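Engineer: Next input, structure requested:
(one chain, ligands or ions: 1)
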Amino acid sequence: MAHTLPELPYAYNSLEPYIDEETMKLHHDKHHLAYVNNLNLAIEKYANLSSKSAEELIMDLSSVPEDMRSAVRNNAGGHVNHAMFWQIMTPGGPREPSGKLAEEIVNTFGSFADFQSKFNDAGIKRFGSGWVWLVQNNEGKLEIVSTPNQDNPMTDGQKPILGNDVWEHAYYLKYKNVRVDYLKAWWNVVNWQEVEKRYNEN
Ligand code: MN
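Structural biologist: Numbers count the residues shown, from 1 in each chain. Presented below is the predicted three-dimensional model:
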């Protein structure tokens, strides 16, 4: 069963003015589609890999033949990362989490504002292309991590519940070289209900 591009769960222009319509079109229809197509190409000769989900592939990269491992790492990673990214954004959601996640963010980072500032800082410090994440680590504790390229924290046994794409393709048309402005604006489109759902499920 070939991997397929999931539909965007809202209109391309609905995250305006924080993320512009053209960026969303290119990001979803071109960049994400390329990861899906390249993943399908990479695994087409390997029946045992074709039966696995993209998540299963990045959680067990050692099972992938060495000549295909980089291609699977980059493209299954790109597919998983972007599929989550579209889900954890929404227009018009609450601007902060609630419930157990909100409490645990305050316990771990001091305050919601401190959490945002540390997350932004990790996004600024990611050299080149990559992602910044809020994960539950191996002990179930919240932690901010960043990964290069399309690597996903699942490969290291962590559970991502929120992630921001800091590749230039995610922000350059609107924010040019000023990644920090994108990082700050992005909080306006986070889908905290979806993030809380991911946090609360085991
Ligand atoms: Mn991207």
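
Engineer: ok, residues contacting the longest helix along the chain?
Structural biologist: Ordering each helix of the chain by length in residues (DSSP state H) puts helix 66-87 first. Helix 66-87 has contacts (C-beta atoms under 8 Å, 6 or more residues apart in numbering) with 3, 6, 8-9, 27-28, 31-32, 34-36, 38-39, 41-43, 46, 49, 54-55, 57-58, 61, 64, 131, 149-152, 154-155, 160, 163-165, 191, 194. For every residue, glycine as well, the C-beta is placed using N, CA and C.

Engineer: wait, T90 sits on N188?
Structural biologist: No - at 10.4 Å, T90 does not count as touching N188 under the criterion of C-beta atoms under 8 Å.

Engineer: rewinding a little: just the contacts of helix 66-87 that are near the ion?
Structural biologist: Taking C-beta under 5 Å from the ion as the test, the ion is in contact with D165 out of the contacts of helix 66-87.

Engineer: related to what we said a few turns ago, tell me which of T90 and N188 has more neighbours.
Structural biologist: T90 (18 against 15; other C-beta atoms under 10 Å).

Engineer: ok, the more buried one - contacts?
Structural biologist: By C-beta under 8 Å, 6+ apart, the residues touching T90 are 9-10, 189-191, 193-194.

Engineer: Mark which of these are buried, thanks.
Structural biologist: Taking 16 or more other C-beta atoms under 10 Å as the criterion, what is buried in the contacts of T90 is 10, 189-191, 194.
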